[in-house]
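> Give me the fold of what follows.
(chains A and B)
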Amino acid sequence: MTGFAPAEAFAPSGPAELALLPLRFERLSPERYLVANTVGDYLILARNELERIADLDVKPGDGLYEKAYSRNLIGRKGGSGQLQLIALRMRSRMAFLSEPTALHLFVVTLRCEHSCPYCQVSRCSADKTRYDMSEETAMRALAIALSAPPKKLKLEFQGGEPLLNFALVEKIVSAAEEQAPRSGKQVEFVIATNLALLTDEILAFCKQHGILLSTSLDGPQDLHNRNRPRPGANSHQLAVAGIRRSQETLGRDRVGALMTTTEASLDRPEEIVDEYLRLGLDGIFLRPLSPYGFAVKTKWIAGYDAPRWLAFYERGLRHILQINRQGTHFPEFYAAMLLQRILTDRPLGYVDLRSPAGAGLGALVYNYDGKVFASDEGRMLAEMNDRSFELGDVHTDDYRSLILSDKLVNMISDSLAQCAPMCSSCAFEPWCGADPTYHHATQGDYLGIKPLSAFCSRQKGILTLLLDLLGNSQEDAAILRRWVAR
Amino acid sequence: MTPLALSGAADSVTGFHESGRLVLRLRDPKAAPQAAADAALIRGPGDAAAASAAGFATAVVIDSGLPSDALPDSMRAARLSARFGYFADGDIIGFDPNSRRLRTLYRRNSSHNSFLITERCNHYCLMCSQPPRNIDDGWILDEIASCVPLIDPATPSIGFTGGEPLLEWQRFIPLLARFRESLPRTRLHILTNGRFFADPQVVQAWAALKNPDLCAAIPVYSSVDAVHDHVVQARGALDETLHGILRLKDKRQRVEIRIVLHALTAPGLVETCRWLARNLPFVDHVALMALENTGFALANQEQLWIDPADYQDDLAQAVQTLREARMKVSIYNLPRCVLPRGLWDYAVQSISDWKNAFLPACEECTEKPQCGGFFSTGRPRFSRAVQPFHTVAATIIACLQPLFEFQRLDEELELCLSCANALNLLI
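Coordinates of the predicted model:
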């Protein structure tokens, strides 16, 4: 029997035998640094620890070597297993690209009986039938949607208020169900509606065709009705009644709601969350205002800045965690998505937060008049004569010409976070995404200067908060991990 | 605590004229022999008469008291001591008449059959239970090949160990093909360090077996190269093993990751499993295995011994991390009294039957039927947490379980025994 070699015989002899793997870092506080690789393995380190890693001044047994090696931040010179791991995980994280344009939004009418001052899409009063989508336009749009590559497609009906043109919704659903199997597709339907005009007949149709409902709920009655005016000032009553009826008829998991944060919401995150809980909704998505459409015209967008919104978000999230601690599974959906990116490499192709951007590649929007947009927000810009996001027209284009249009290709390549200034060196990048629409609207540029971007401030703020909870609060971390585990 | 005798020498041998090694399948003496390798298993005069009537040319005699004239002169025979009394119909042995040496190759009634492919290895693991020897043992593959047609096709699974079985992959992989042909319903489990799979040729040949019941069980002792390489005593081992695993999964082959827990690997277990969950979530199974205190593990006891009770918190956290990543995980080689109750569902009765044993104290334990017990090989070392469960205590623990999720069991036991005493007082 020959002897055994001691541990030192397998340790690198010094920095010359080590190599840095692709990593980025960001200062979180004067003493704490986030250090992450391109697939989101990360450590939070003191400054001198970061310096030691940068100098490769680490060795087995000192703890830092083990941590940095396990997180694929450093490797052995000549070794390539870790790079293989990073490459395949990158591929997994990007796998949403293999299913381009799974979401298709039909603006079946621009009419709406609400007159919300923050409306990010255009709307007009309910009686102008010239703002309805025609059946011919709808069928052209459907043909384009069904020629998109994915096997599973989601068709979402938007407005205005789509229930004002429900006859067309019915026609599209029936036509899609008839045509989809011929091209080997499965289709799922969603109606984005304020539920004010919900009838038993509409519900019965939704049940029959497995249609999901997505509505708006901004919180308690006074806040909601202030944000969402309509004749009779009864938006909240109608939304709540609609949610209850839909839950009963379609099932609790078949109706969801979205909230928008206005200046009046800022002091009331707990009440807003509790309203969602009270109505038996399965979670909440705390969303800031978007700088499009009426939100800009009415200056509501100027009502608060990123720090005030982040304070609101943190209060809301902490309240939600408190609810979860008492045994109720009730996620904040935006955090849950970011956590999926932080804690796993499962692909997440959420159209509003991904890079390459979700514009066109994730979703196409068919406007009432047949114009096709790369994003929902892009159609409002077009109303204001900015046609940057208008990719074509259902009457003259097909899926290929839309998706390969110079406008879309430029928008996506110009905004690519992985190689954009300030993003390519950002430690948060693997968890973040590109938002060409937002930056075009606020800075006139798909990429934007990130230090001036409220999008960027919000992202870094939420991500820093989540890292803090994961690292410093065991109980909260366990809850956050459960939101991802499913 | 002694393991079953899987090798030894015959007391006497008569009538064998071959010079080389033989493979014999032991049969019920009353049934007619079906293959040249079939030998009647004889335990008494009645069996001898039956064997000769059934036309057996070979006999394996367990009862040394059998009169020498009980067998016909024409029948060749090997007489074995009572240590081999466990032999049963369908078992297979390797036998060298010249040296009288024999080895048990296959036991039909066992669910832990495994074939050693070679004693040679390109690793030299600090805790190896089968210390490698650099010898010319290529004959083993031939011996196993002649076993294949004799194995009962109803055998649920067969393991292959070493040494490193893939050292001779050009002969070993075709042997696996013969197993598949002859035993299409049998799962094949190969213990390998995985390094040969870094060679695309090897993975190609492996994948060409097209056997969905084939699994490569590969040890990854740490997420840190210096630790893994030290444990297996080979520089660059982790990096090459990683390539091997990735190539296997690229070809959609089944892979199990094995982590043996000892003083060098247990402290990093949580981090290793977090790393597995993140980097290799697509492997088919992770086995977290307590140390078998035999072979090199005895020589390196100073370095390796840790009381398993001291890593239970980490083990619980490691299991949880893997489960959150939706990975399949099992715990091998640990008795229930050492494990927190929350881990019982993951504990498998993993120790091969021939070396699985219990302590005298286990006889009174209510958990024994579900328990994995202990290794009887080498010099068994026991955790301080080992102690039997009693019905009352077990019941109270069950009642109190929600309060003590993942807490240390010995603490629970102490508390619960005092509850039990209190109960007795009340009654």
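> hmm, who's touching the top strand by length along chain B?
Ranked by residue count and defined by DSSP state E, the top strand of chain B is strand B:254-261. Strand B:254-261 is contacted by residues B:127, B:189, B:191, B:194, B:212, B:214-221, B:245, B:248-249, B:265, B:269, B:272-273, B:276, B:280, B:283-291, B:306, B:308, B:311, B:315 when judged by Cβ atoms under 8 Å, 6 or more residues apart in numbering or on different chains. Every residue, glycine included, has its C-beta placed from N, CA and C.
> Keep only those residues that also lie close to chain A.
For chain A, the contacts drawn from those by Cβ under 8 Å from any Cβ of the partner chain are B:Thr272, B:Leu280.
> ok, A:His137 touching A:Tyr368?
Let me fix one detail, which is that residue A:137 is Thr and not His. Yes. The criterion here is Cβ atoms under 8 Å, and A:Thr137 meets it with A:Tyr368 at 7.5 Å.
> Comparing these two, which residue is more hemmed in?
A:Tyr368 (25 against 22; other Cβ atoms under 10 Å in any protein chain shown).
> What is the neighbour count of whichever residue of the stretch 1-150 of chain B sits closest to chain A?
Nearest residue of the stretch 1-150 of chain B to chain A: B:Leu126, at 6.0 Å (Cβ to the nearest Cβ). Number of residues near B:Leu126 (other Cβ under 10 Å) recorded here: 22.
> Identify the residue spatially nearest to it, adjacent ones excluded.
Leaving aside its sequence neighbours, B:Leu126 sits nearest to B:Asn300 (Cβ to Cβ, 6 or more residues apart in numbering or on different chains; 4.7 Å).
> need the contact list for the residue nearest to B:Thr272 when sequence neighbours are not counted.
Closest residue in space to B:Thr272, ignoring its immediate chain neighbours: B:Ser223 at 4.8 Å, by Cβ to Cβ, 6+ apart. For B:Ser223, the contacting residues are A:Glu66, A:Tyr69, A:Ser70, B:Gly268, B:Glu271, B:Thr272, B:Arg274, B:Trp275, B:Leu276, B:Asn279, by Cβ under 8 Å, 6+ apart.
> Wait, the first one touches A:Leu73, no?
Which is A:Glu66. No. The pair A:Glu66 and A:Leu73 fails to qualify as a contact (Cβ under 8 Å) at a distance of 11.2 Å.
> could you list every residue that touches B:Ile151?
B:Ile92, B:Tyr106, B:Ile158, B:Ser182, B:Leu183, B:Thr186.
> Mind doing that once more with 6 Å?
Counting by Cβ atoms under 6 Å, 6 or more residues apart in numbering or on different chains, B:Ile151 touches B:Tyr106.
> what about A:His209, how many neighbours?
For A:His209, using other Cβ under 10 Å, the count is 16.
> Give the closest residue to it in space, chain neighbours not counted.
A:Val173 (5.3 Å).
> Model confidence for the nearest residue to A:Lys460 once chain neighbours are set aside, exactly?
Residue nearest to A:Lys460 in three dimensions, not counting chain neighbours: A:Phe428, with 5.9 Å by Cβ to Cβ, 6+ apart. Note on A:Phe428: pLDDT of 98.
> surely A:Phe428 meets A:Leu463?
Yes. Using Cβ atoms under 6 Å, A:Phe428 and A:Leu463 qualify as a contacting pair, with a distance of 5.1 Å.
> Just the buried ones out of the contacts of strand B:254-261, please.
B:127, B:189, B:191, B:194, B:214-221, B:245, B:248-249, B:265, B:269, B:272-273, B:276, B:280, B:283, B:285-291, B:306, B:308, B:311, B:315 (16 or more other Cβ atoms under 10 Å in any protein chain shown).
> Good, we can wrap up now.
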